[in-house]
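In: need coordinates for the below:
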Amino acid sequence: WWPVVSWDVEMRADTLRPAELMSEPGEWPGAVSLVGASTGRVLETGAVEIEATVDTLYGELRGESLAGRIEARLRGEDLVLPAARVAWGPARVSASGTAGTSLDLEFEAAAPELGLLLPGSEGRVAARGSATGPRDTPRVRASFEARDLALETIRVATAEGDVDLDLAGPLAATVLARGVSVSGRDLDSVVVAVTGRRDSHRLDVAAHGPGADIDLAARGGLDSANAWSGTVEVFGFEADTVGSWALTEPVEVFVSADALRLGTACLESAPARVCLEGETAGGRSRAAATVDSLRVERLAPLLPEDLSIEAVVTADLAVEMEQGGELTGRLEMSTSEGTLTRVANERIRRLYFDPISVTASSGSDGLTGAVELHVADSNGARVLDLTGRLESPAAIRSAEDLSRLRGQPVSVNLEVQADDLLLLTDD
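Out: Take a look at the predicted model:
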């Protein structure tokens, strides 16, 4: 057999269990078997020639039958795939072509029951595409259609998209979704478009519906490490719950596998302004936010229909956390004088409150917090005076630490005229 090594073998594998390779084994019951053959040789030069055929792929996964056939030939670095077809229940996928120093591949896939592939989801999807050109910088063209999609709180009636990605040249991608619902918020359409090149492109997103409109435009690019950096030039939204808001000026953004950075992003809906900035990298995270001149009336759609509050809110928040360290930060929030009005049994009941002050801080010494609230009725008589303070020696290193605050020392001073608080009831 020397100097050429050759073989001609038959293959058989019984009762392979894919569940053992999955992160959620319980969602992938079943077993797969296959029957095939392979011939090939290793030449004196070290080149390899292989022909392999999986004549029969069969079994059952998640209660659906699995069947398929795969043919492949390897000549050195060139892989020839005359045909590969797999059927899993109603789902179908097929591929053919060549892959070596250059690519010339085509594929088609159809999933009439998406929940079979993605547990917990619904809908049907069909896709087709190709990959051609140099192996390191191929051109990928693909398109898809989808209907009746659902996953958790997201639903999409129809969606379609096209991708034309040349890793050595221009790229273009468009996705159009109609009849979108997110957590009960309906949108007539959502359009996402990307144009440009890998290292310099533009992203546009537009979503429109009866209760909300969103527009976003950004420019940026991916570097050799697949980190994206760029600028969000336009971001604005209008919703019947909070009104119309827009980005006051462009904001820089950086996203990589292990880091995220957001420059100062300020949204304005005159006279109100909300700003946010932060980053996470190298085990350290920090964030800061400010709220200025936000009228509580803007949140009226989020309150019970019979309740309204008139006041202006101002707030500052700054937090920071090192990996394995404590959460440190401070919150300061206050309101203007305000009014709380409730309509019950055709009667209007109104209370007036002085400016409300809330502060909280966290650090290695633990947590502290304070609140002060004074409420009067329409005659000016005080019905509620509340001064509260919280102190805890617990340092916050994770979300689980918050559940351990129960039983820590808390000091509260509370004075209430209970009879007058009946103004808030229906009686």
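
In: what are the boundaries of the helices in the chain?
Out: 399-402 (DSSP state H).

In: what residue ranges in it score low on pLDDT?
Out: 1-3, 397-427 (pLDDT under 70).

In: for the closest residue in space to residue 269 that isn't next to it in sequence, give me its contacts.
Out: Of all residues not flanking residue 269 in the chain, residue 245 sits nearest, at 4.5 Å (CB to CB, 6 or more residues apart in numbering). All C-beta atoms are positioned from the backbone trio N, CA, C, and that covers glycine. The contact partners of residue 245, by CB atoms under 8 Å, 6 or more residues apart in numbering, come to 236-238, 267-269, 274.

In: ok, 10 Å please
Out: Applying CB atoms under 10 Å, 6 or more residues apart in numbering to residue 245 gives the contacts 235-239, 267-269, 272-274, 298.

In: and what of residue 171?
Out: So residue 171 contacts 139-140, 163-165, 194-198, 201 (CB under 10 Å, 6+ apart).

In: ok, now with 6 Å
Out: Shown in contact with residue 171 (CB atoms under 6 Å, 6 or more residues apart in numbering): residue 165.

In: residue 318 pairs with what?
Out: residue 288, residue 330 (DSSP bridges).

In: right, and it touches residue 329 too?
Out: Yes: using CB atoms under 6 Å, residue 318 is in contact with residue 329, at 5.5 Å.

In: residues in contact with stretch 19-38: which ones?
Out: 9-18, 52-61, 119.

In: geometric centre of this protein: which residue is closest?
Out: For the chain, the residue nearest the mean C-alpha position is residue 154 (11.5 Å; CA atoms, centre = their mean).

In: pull the number of nearby residues for the residue lying closest to that one once chain neighbours are set aside.
Out: In this structure, residue 154 finds its nearest non-sequential neighbour in residue 182, 5.5 Å apart by CB to CB, 6+ apart. Per other CB atoms under 10 Å, the neighbour tally for residue 182 reads 16.

In: how about residue 114?
Out: 21.

In: could you do residue 338 as well?
Out: 20.

In: for residue 376, see how far away it is.
Out: Going from residue 338 to residue 376 by CB to CB, to the nearest Å gives 11 Å.

In: and what of residue 258?
Out: 54 Å.

In: more neighbours: which of the two?
Out: Per other CB under 10 Å, whichever of residue 258 and residue 376 has more neighbours is residue 376, with 16 against 9.

In: partners of that one in the sheet?
Out: Going by DSSP bridges, residue 376 forms beta bridges with residue 352, residue 382.

In: does it touch residue 382 like I think?
Out: Yes: contact between residue 376 and residue 382 holds when scored by CB under 6 Å: they sit 5.3 Å apart.

In: tell me the buried residues within the contacts of stretch 19-38.
Out: Taking 16 or more other CB atoms under 10 Å as the criterion, what is buried in the contacts of stretch 19-38 is 18, 52-54, 57, 59, 61.

In: related to what we said a few turns ago, surely the residue nearest to the centre of the chain is in contact with residue 180?
Out: No: using CB under 6 Å, residue 154 makes no contact with residue 180, being 7.7 Å away.

In: what sits in contact with each of those two?
Out: Common neighbours of residue 154 and residue 180 (CB under 6 Å, 6+ apart) do not exist.

In: which residues of the stretch 151-300 of the chain fall in strands?
Out: Assigned by DSSP state E, counting those that start in this stretch, the strands in the stretch 151-300 of the chain fall at 154-166, 170-182, 185-197, 200-208, 212-222, 228-239, 243-247, 251-255, 259-269, 272-281, 284-295.

In: buried stuff in the second one?
Out: Applying a neighbour-count criterion of 16+ other CB under 10 Å, the buried positions in strand 170-182 are 171, 173-175, 177, 179-180, 182.

In: cheers, nothing more for now.
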